[in-house]
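Participant: what follows is a predicted structure for the sequence shown.
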Amino acid sequence: VHSLWTGVEKAMGPALIAHPVPFTNGKGVFRGPLGDWVAAMMLHFSFDFPRVQQQQRDKKWEVFYSKSLAGQTLGVVGYGGLGSGAAERAKQFGMKVLAYRRNPAKFSPDGVVDQTFGPGQLNEMIGQSDFLLLATPLTPETKGMIGREQIAAMKSNAVVINIGRGAVIDEPALVDALRDHKIRGAALDVFVTEPLPQDHPFWTLPNVFVSPHTADRVEGFTVPAVECFLENLRRFRAGEPLLNLVDKSAGY
């Protein structure tokens with residue numbers, strides 16, 4: 001059984017978990033476009049493009065100072081295919097990269113990550129991050145892992161970027177922090193409820209960038225996903241090890 005996409009939580013029913021059939025997914029096939037999107041969001045906030053657009057609408061010439069990405073810090077929660085793809089782009093901008101992973105033993109030096117963090121160190125990493133990227137799958141362990149305590153640990157100029165799953169963040173806690181300007185902003189491509197309800201505060205908060213779960217939907221985006229499946233089909237027929245074998249007990 002193969003899922004073209006990275007997220008598998010909706011397919012992980014009791015029958016599939018109990019069945020011996022191997023289950024694979026498209027982990028990492030969208031790391032390119034998602035990495036580009038994350039870079040775009042960091043530039044969006046660093047150069048305050050919303051202010052630029054508002055001044056254009058108002059025909060207002062007002063000089064202000066923005067900030068280069070160089071020297072800023074990206075903290076990545078979930079340093080897998082998607083998180084590492086975004087980290088590679090950040091490194092090209094001269095950013096410092098921090099990474100959090102549930103199993104630190106899986107880390108291997110890649111020339112991108114400057115410092116790694118494991119269980120019990122999440123808030124420490126968050127407190128050092130100018131941009132906090134959530135690229136983790138949704139599991140019982142990750143659901144709500146970014147709650148009020150973690151949001152309170154963020155810098156006042158921090159921006160949350162979520163390309164993983166909406167339920168990883170406590171949305172009401174995030175709304176409160178954004179409304180009270182406890183943090184600078186959020187760029188969200190995923191949400192607890194999709195489509196995002198019309199009355200959700202995210203739609204109207206000026207420091208939120210809402211994307212309708214389309215960050216990876218670039219022209220031809222399904223091609224690498226299908227190619228990954230075809231390669232696994234070839235391997236399955238040949239009795240070779242499969243790519244992206246899902247750990248059913250872990251949920252990803």
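Facilitator: Looks like it came in fine. Numbering: from 1, shown residues only.
Participant: which helix or which strand is home to Arg51?
Facilitator: Arg51 belongs to helix 49-57 when assigned by DSSP states H and E.
Participant: what's in contact with that helix?
Facilitator: Contact with helix 49-57 is made by Leu43, His44, Lys60, Trp61, Glu62, Phe64, Pro206, as judged by Cβ atoms under 8 Å, 6 or more residues apart in numbering. For glycine as for every other residue, the C-beta is placed from the backbone atoms N, C-alpha and C.
Participant: between these, which is nearest Ala11?
Facilitator: Nearest to Ala11 among the contacts of helix 49-57 is His44, at 32.9 Å by Cβ to Cβ.
Participant: the closest one: how many residues sit nearby?
Facilitator: Look at His44: counted by other Cβ atoms under 10 Å, it has 16 neighbours.
Participant: isn't it right up against Ala186?
Facilitator: No. Between His44 and Ala186 there is no contact under Cβ atoms under 8 Å: 11.3 Å.
Participant: any common contacting residues for these two?
Facilitator: By Cβ under 8 Å, 6+ apart, the residues touching both His44 and Ala186 are Phe209.
Participant: what ranges does the stretch 151-252 of the chain have for its strands?
Facilitator: 159-162, 185-188, 208-210 (DSSP state E, counting those that start in this stretch).
Participant: can you tell me which of the ones you listed is most buried?
Facilitator: Ranked by mean neighbour count under mean count of other Cβ atoms under 10 Å, the strands of the stretch 151-252 of the chain are led by strand 159-162, which reaches a mean of 26.
Participant: centre of the chain to that strand, how far?
Facilitator: Distance of strand 159-162 from its chain centroid, counting by Cα atoms, centre = their mean, to the nearest Å, is 7 Å.
Participant: for Gly81, give its distance to Val159.
Facilitator: Distance of Gly81 to Val159, given as Cβ to Cβ, to the nearest Å: 22 Å.
Participant: and what of Ser68?
Facilitator: Counting by Cβ to Cβ, the gap from Ser68 to Val159 is 15 Å.
Participant: next: Gln92.
Facilitator: Using Cβ to Cβ, we find Gln92 at a distance of 19 Å from Val159.
Participant: same check on Val97?
Facilitator: According to Cβ to Cβ, Val97 stands 15 Å off from Val159.
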